[in-house]
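K.L.:
Pasting the sequence and the predicted model now:
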Amino acid sequence: MDLLLLSNSTNHGEPRLAHARDALRELYDDREVLFVPYALADHESYTGVTAEAFAEAGLRLRGVHSFADPAAALASAEAVFVGGGNSFRLLRAARRLGLLDAIRAAVRGGARYGGASAGTNLACPTIRTTNDMPIVEPGGFDALGLVVFQINAHYLEHSPGSTHMGETRAERIGEFLEENDVPVLGLREGSWLRVGPQEGVHLYGRDAVLFRRGADPRELPAGSDLSADLSGPARFDEPA
């Protein structure tokens, strides 16, 4: 597998995907990329702005919603990019359209997979560590399982001096770990992972935070090799 998992698609004050153009070029090279736009409601507009961003990187992109059979198109794709938005809406559409098995088959056959935010969540075993509101019922939380760990995209620390009384992001991840023995990587905005058979799991862009059950959160600098930290079986709670 060859994966590019972005925390976010847009950094403050920058054009869409500008921070990851080199990484996108390296991943996709001259392949036509099939774009999965189902995390947002307006598929056509979403595909348009994403195609413009890919063109800035010298890449070709086509929305999979334009195919008569999106699942068949994805199953034979050479390259896939799944956009951000609402993870629950994305997963519901992926289930209804049969895209999960199609994407898995393509990636196992050598297709390159990229995702941002919700698209990165979809690459994990489940979407249980998303920040999104469950605006729809997705029919279960199991996702693609292209990696064996969970990711929290857009990871953000609690601001010192804040009077907000809700749970911090770290506290929510801690609650997840009380029920599931699975590593969670908090990807700050501007960071991304490359996952591949040769390089393992590497962190780029910015630093990140690794959460494990029974251990203090650990800061990881950009450039870290996380292959040893993010391996092994994932153990989730069983449905009631």
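P.N.:
Yep, it's here. Numbering: from 1, shown residues only.

K.L.:
which residues in the chain form strands?
P.N.:
Secondary structure of the chain, counting by DSSP state E: strands at 2-6, 32-36, 60-63, 79-82, 112-116, 150-152, 184-187, 192-196, 200-204, 208-211, 218-220.

K.L.:
what about the second one, average pLDDT?
P.N.:
To tie it back to what came earlier, the one meant is strand 32-36. Strand 32-36 comes out with an average pLDDT of 97.

K.L.:
And the third one, by the same measure?
P.N.:
Average pLDDT, strand 60-63: 97.

K.L.:
what pairs with it, and is each one parallel or antiparallel?
P.N.:
In the sheet containing strand 60-63, the strands it pairs with under DSSP bridges are strand 32-36 (parallel).

K.L.:
Just the buried positions in the top helix by length along the chain, please.
P.N.:
In the chain, taking DSSP state H as the definition, the longest helix is helix 43-56. Of the residues in helix 43-56, those buried by neighbour count under the rule 16 or more other CB atoms under 10 Å are 43, 46-47, 49-51, 53-54. All C-beta atoms are positioned from the backbone trio N, CA, C, and that covers glycine.

K.L.:
about what we covered before: turn the strands of the chain into CSV, columns for distance to residue 138 and mean neighbour count.
P.N.:
Formatted as CSV, the entries for the strands of the chain read as follows, by distance: least, CB to CB, whole Å; neighbours: other CB atoms under 10 Å:
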stretch, distance to residue 138, mean neighbour count
strand 2-6, 20, 24
strand 32-36, 15, 22
strand 60-63, 21, 18
strand 79-82, 15, 26
strand 112-116, 16, 26
strand 150-152, 16, 26
strand 184-187, 20, 27
strand 192-196, 23, 21
strand 200-204, 26, 18
strand 208-211, 24, 22
strand 218-220, 30, 14
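
K.L.:
For residue 106, which of these is the nearest?
P.N.:
When these are ranked by distance to residue 106, counting by CB to CB, first place goes to strand 79-82 at 6.3 Å.

K.L.:
picking that back up, show me which of the buried residues of helix 43-56 is closest to residue 192.
P.N.:
Using CB to CB as the measure, the one of those that approaches residue 192 most closely is residue 53, at 14.8 Å.

K.L.:
Mean confidence (pLDDT) on the longest helix of the chain, please.
P.N.:
97.

K.L.:
Convert the C-alpha atoms of that helix to CSV, please.
P.N.:
As requested, C-alpha coordinates have been extracted for helix 43-56 and formatted as CSV (Å, rounded to 0.1, in the frame of the first residue of the first chain):
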residue,chain,number,x,y,z
HIS,A,43,-20.3,16.9,-5.1
GLU,A,44,-19.9,18.9,-8.3
SER,A,45,-18.6,22.1,-6.7
TYR,A,46,-16.4,20.1,-4.4
THR,A,47,-14.8,18.2,-7.3
GLY,A,48,-14.3,21.5,-9.2
VAL,A,49,-12.3,23.2,-6.4
THR,A,50,-10.3,20.1,-5.7
ALA,A,51,-9.5,19.6,-9.4
GLU,A,52,-8.2,23.2,-9.5
ALA,A,53,-6.0,22.5,-6.5
PHE,A,54,-4.7,19.3,-8.1
ALA,A,55,-4.0,21.1,-11.4
GLU,A,56,-1.7,23.5,-9.4
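
K.L.:
what's it packed up against?
P.N.:
In this structure, helix 43-56 makes packing contacts with strand 32-36, strand 60-63, judged by 3 or more CB pairs under 8 Å, 6 or more residues apart in numbering; DSSP states H and E.

K.L.:
ok, and what's touching it?
P.N.:
Residues from elsewhere that reach helix 43-56 (CB atoms under 8 Å, 6 or more residues apart in numbering): 9, 15-18, 21, 24, 33, 35, 37, 40, 60-63, 65-66, 81, 83, 85.
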